[in-house]
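>>> return a 3D structure for these sequence lines:
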Amino acid sequence: MSPKEHSVKRTTIILDEEEREYIDSLIKKGREPGIKPLISKMLDVYRSMRIYDWKYPGGEYYIGISRVAFLNVEFIDILLKYIPEEKWREAGQKIGEIAKVSMEASIDIETTNREKWPDVFKRLRVQGFGDFYLKDKFVIIRTPFINHSEVWGGFLESLLGVSLEARTLTPPLIFEVIS
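Predicted coordinates for the structure are as follows:
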C-alpha cells in the first residue's frame, strides 16, 4: 500500500450545542487535556467495557460470568456498615476471588502474573475502582472507590495472589507487596 493509503483518516463529529459546551467545560476546568484525548479515552472505555454487549433499555451488562452493575460509593459504605470490621479483609478477599475469575474468564488476563498487573489495574480503573499504580514493591490506589484499607488489602491479595501490608490507612492507599 502506498503511504497515502496508510495515512490517518480524518473524521468530523457534529456535536449538539449542549454536548460541545460540556466538553469545553471539561477542558476549561482542566479535567480533560483536549477533545481528541477525551474521545480517545471514551473509545478506550467503550472497548474495555465491551459496551457493545450492553442490553438496553434494561441496562444489563454481562461480562464473562458476571452481571456488572454501576453502584455509588454510598451504597457500598452502607453495606460495609453491616459487616463487622474484623471481617472486612475476608470480605475483600471473597470479592477479589470473584474479580479474578471474572477477569480471567472475560478478558483472559492472568491476574497473578505480575507482568499483567498494568492490564489488571487498567481494568479496575475503567470499572471505576480507582487509579492504581505499581511503584517498585508498592501498590498505590489514588481515588479509591472504597476508602477502607482492610477491604482493599483482602481484595488485592486475592486478585493478585500476593501478601500485602498496608502502609497507609487513608487515601491514597499504599500497600507493600510482601510476597
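>>> helix or strand with the lowest mean pLDDT in this structure?
Lowest on mean pLDDT, DSSP states H and E among the helices and strands of the chain sits strand 62-63, with a mean of 57.
>>> show me which helix runs longest in the protein.
Counting by DSSP state H, the longest helix found in the chain is helix 88-107.
>>> in it, which residues are buried?
By neighbour count on 16 or more other Cβ atoms under 10 Å, the buried set for helix 88-107 is 88-89, 91-93, 95-96, 99-100, 102-103, 106. For glycine as for every other residue, the C-beta is placed from the backbone atoms N, C-alpha and C.
>>> what about the chain, any weak spots by pLDDT?
Applying pLDDT under 70 to the chain flags residues 1-6, 48-69.
>>> all strands of it, in order?
62-63, 66-67, 131-135, 138-142, 164-166, 173-177 (DSSP state E).
>>> how about those in CSV, adding distance to His148 and mean neighbour count?
Formatted as CSV, the strands of the chain follow (distance: least, Cβ to Cβ, whole Å; neighbours: other Cβ atoms under 10 Å):
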stretch, distance to His148, mean neighbour count
strand 62-63, 25, 15
strand 66-67, 22, 12
strand 131-135, 16, 14
strand 138-142, 11, 19
strand 164-166, 10, 15
strand 173-177, 9, 20
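>>> as TSV, these with distance to Phe155 would be great.
Below are those laid out as TSV (distance: least, Cβ to Cβ, whole Å):
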stretch	distance to Phe155
strand 62-63	18
strand 66-67	15
strand 131-135	11
strand 138-142	10
strand 164-166	10
strand 173-177	10
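>>> looking at the ones you listed, which is nearest to Glu32?
Comparing the strands of the chain by their distance to Glu32 (Cβ to Cβ), the top pick is strand 131-135, with 15.4 Å.
>>> out of the strands of the chain, which comes closest to Leu124?
Across the strands of the chain, Leu124 has its closest neighbour in strand 131-135 (5.7 Å, Cβ to Cβ).
>>> so what touches the closest one?
The contact list for strand 131-135, computed with Cβ atoms under 8 Å, 6 or more residues apart in numbering, reads 117-118, 120-121, 124-125, 139-143.
>>> so which of those residues is the closest to Glu74?
Within those, the smallest distance to Glu74 is 15.8 Å, found for Thr143 (Cβ to Cβ).
>>> thank you kindly, that will do.
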